[in-house]
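Undergrad: got a predicted structure here, sequence first:
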Amino acid sequence: MKYFFAPYIISIFLSIIVFVVYIYSNENVINIQTNEVFSQYYLFNSNYQWPVVGYNTITSYFGYRQAPTSGASTYHSGIDIAAPVGSNLISSITGTVIYADFKGAGGHTIIIQNGNVEVAYCHVDSRYYPSVGDKVLKGQIIGRVGPKNIYDVENNPYKDKNGNPTNGATTGPHLHFSIKIDNKFVNPLEYVNE
């Protein structure tokens with residue numbers, strides 16, 4: 001009699017394990033193939049990926065600041081992370097590339113969207129753009145930190161003190177990283193995990 005319930009307990013236990021493995025192994029696949037929105041539970045109960053592996057020096061924080069150069073905002077919508085030209089950029093979330101082009105003060109910019117969340121990478125290298133519509137996974141390399149000076153944008157209004165065109169409003173190579181939730185900028189340091 002003492003072994004009567006053992007097969008039932010083992011079956012229930014194995015069913016739970018199979019269900020959990022199925023949910024976690026298929027969630028990314030389902031979203032990547034069908035472009036369905038990630039569940040808010042998954043998105044907000046896991047930390048976002050830090051966008052530049054190996055570099056975590058922040059040179060300008062989120063919020064009000066003194067503009068570092070002409071054309072830069074006094075309200076900083078993200079964080080600036082110092083990193084050398086060519087440093088790999090990592091997707092912080094799983095989502096779809098909705099923008100990959102020059103975007104004013106942000107210079108060459110990549111934006112990834114998942115539902116009501118948009119993550120932007122500014123001052124990137126245009127030679128390594130993903131394509132708009134690409135599906136990307138959290139942790140995937142999506143681009144590289146760009147140079148300060150660029151020569152691939154006609155009528156670029158952003159210049160350094162010597163008159164050379166710059167990658168948006170920038171004084172040197174770095175990543176400007178921002179997160180928008182419900183169309184409102186939030187402090188990335190409340191979401192990313194170094």
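TA: Yep, it's here.

Undergrad: give the contact list for the nearest residue to residue 151 once chain neighbours are set aside.
TA: Excluding the flanking residues, the one nearest residue 151 by C-beta to C-beta, 6 or more residues apart in numbering is residue 165, at 6.2 Å. C-beta coordinates here come from the backbone N, C-alpha and C atoms, glycine included. Each residue near residue 165 by C-beta atoms under 8 Å, 6 or more residues apart in numbering is listed here: 149, 150, 151, 153, 156, 158, 159.

Undergrad: and residue 165, how far from residue 77?
TA: For residue 165, the distance to residue 77 equals 23 Å [C-beta to C-beta, to the nearest Å].

Undergrad: can you give me the strands in the chain?
TA: 48-49, 58-60, 63-64, 75-76, 79-82, 88-90, 95-102, 108-114, 117-122, 135-136, 141-144, 174-181, 184-186, 192-193 (DSSP state E).

Undergrad: in TSV: those, plus distance to residue 129.
TA: TSV is the format used below for the strands of the chain (distance: least, C-beta to C-beta, whole Å):
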stretch	distance to residue 129
strand 48-49	19
strand 58-60	24
strand 63-64	29
strand 75-76	24
strand 79-82	19
strand 88-90	11
strand 95-102	4
strand 108-114	7
strand 117-122	10
strand 135-136	12
strand 141-144	7
strand 174-181	15
strand 184-186	23
strand 192-193	22
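
Undergrad: columns mean pLDDT, mean neighbour count and distance to residue 128 on top of those, output as JSON lines?
TA: Converted to JSON lines, these look like this (pLDDT from 0 to 100; neighbours: other C-beta atoms under 10 Å; distance: least, C-beta to C-beta, whole Å):
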{"stretch": "strand 48-49", "mean pLDDT": "91", "mean neighbour count": "20", "distance to residue 128": "18"}
{"stretch": "strand 58-60", "mean pLDDT": "87", "mean neighbour count": "16", "distance to residue 128": "22"}
{"stretch": "strand 63-64", "mean pLDDT": "71", "mean neighbour count": "10", "distance to residue 128": "30"}
{"stretch": "strand 75-76", "mean pLDDT": "72", "mean neighbour count": "14", "distance to residue 128": "25"}
{"stretch": "strand 79-82", "mean pLDDT": "92", "mean neighbour count": "22", "distance to residue 128": "17"}
{"stretch": "strand 88-90", "mean pLDDT": "97", "mean neighbour count": "20", "distance to residue 128": "8"}
{"stretch": "strand 95-102", "mean pLDDT": "97", "mean neighbour count": "18", "distance to residue 128": "10"}
{"stretch": "strand 108-114", "mean pLDDT": "97", "mean neighbour count": "23", "distance to residue 128": "9"}
{"stretch": "strand 117-122", "mean pLDDT": "96", "mean neighbour count": "24", "distance to residue 128": "11"}
{"stretch": "strand 135-136", "mean pLDDT": "96", "mean neighbour count": "19", "distance to residue 128": "13"}
{"stretch": "strand 141-144", "mean pLDDT": "97", "mean neighbour count": "21", "distance to residue 128": "5"}
{"stretch": "strand 174-181", "mean pLDDT": "95", "mean neighbour count": "22", "distance to residue 128": "13"}
{"stretch": "strand 184-186", "mean pLDDT": "94", "mean neighbour count": "14", "distance to residue 128": "25"}
{"stretch": "strand 192-193", "mean pLDDT": "77", "mean neighbour count": "14", "distance to residue 128": "21"}
